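Peer 1: Provided below for reference: sequence and predicted model.
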Amino acid sequence: MTEDRLIMRIVIIFGTTVSSFIAVAVITSVVIVTIWNPELKIPDVLRDWGGLIIGFYFGSFITLIKDLFRTSSRSNNIDK
């Protein structure tokens with residue numbers, strides 16, 4: 001692996017990790033506030049961001065699975 005690819009990989013992993021921590025913090029804060037004080041109305045902004053984050057991660061996961069299957073089917077065709 002070249003040095004450029006290694007640096008790019010580290011930046012991608014770091015960026016993904018930071019965005020994941022932010023996403024977990026937003027979703028956890030909404031859940032904790034709801035459990036702690038059910039009568040308190042969650043601000044619409046936080047509720048919307050929570051749904052957006054969950055949808056984004058679910059969509060990204062589906063895309064990764066699709067790419068994984070596409071890559072594995074290509075490698076199977078090459079082996080034949």
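Peer 2: Here it is on my side, so go on. Numbers count the residues shown, from 1 in each chain.
Peer 1: which parts of the helix or strand of the chain with the lowest mean pLDDT are buried?
Peer 2: Within the chain, no helix or strand scores below helix 44-79, which has a mean of 72 by mean pLDDT, DSSP states H and E. Within helix 44-79, the residues that count as buried by 16 or more other Cβ atoms under 10 Å are 49-50, 53. The C-beta positions use only the backbone N, C-alpha and C, and glycine is treated the same way.
Peer 1: what's the answer for stretch 14-33, then?
Peer 2: 23, 27, 30.
Peer 1: Might you calculate how far that stretch sits from the centre of the chain?
Peer 2: Distance, stretch centre to chain centre, for stretch 14-33: 10 Å (Cα atoms, centre = their mean, to the nearest Å).
Peer 1: Identify the residues contacting it?
Peer 2: Residues outside stretch 14-33 that contact it (Cβ atoms under 8 Å, 6 or more residues apart in numbering): 40, 42, 46-47, 49-50, 53-54, 56-57.
Peer 1: could you redo the residues you listed as a markdown table and give each row distance to residue 70?
Peer 2: Putting these into a markdown table (distance: Cβ to Cβ, whole Å) gives the following:
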| residue | distance to residue 70 |
| --- | --- |
| 40 | 46 |
| 42 | 39 |
| 46 | 36 |
| 47 | 35 |
| 49 | 31 |
| 50 | 31 |
| 53 | 26 |
| 54 | 25 |
| 56 | 21 |
| 57 | 20 |
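Peer 1: Endpoints of stretch 31-48, how far apart?
Peer 2: In stretch 31-48, first residue to last residue: 13 Å (Cα to Cα, to the nearest Å).
Peer 1: Geometric centre of the chain: which residue is closest?
Peer 2: The centre of the chain sits closest to residue 57, judged by Cα atoms, centre = their mean, with a distance of 3.7 Å.
Peer 1: Pull the contacting residues for it.
Peer 2: Taking Cβ under 8 Å, 6+ apart as the criterion, residue 57 is in contact with residue 23.
Peer 1: ok, back up a step: closest one of the contacts of stretch 14-33 to residue 34?
Peer 2: Proximity of these to residue 34 (Cβ to Cβ) peaks at residue 42, which lies at 6.3 Å.
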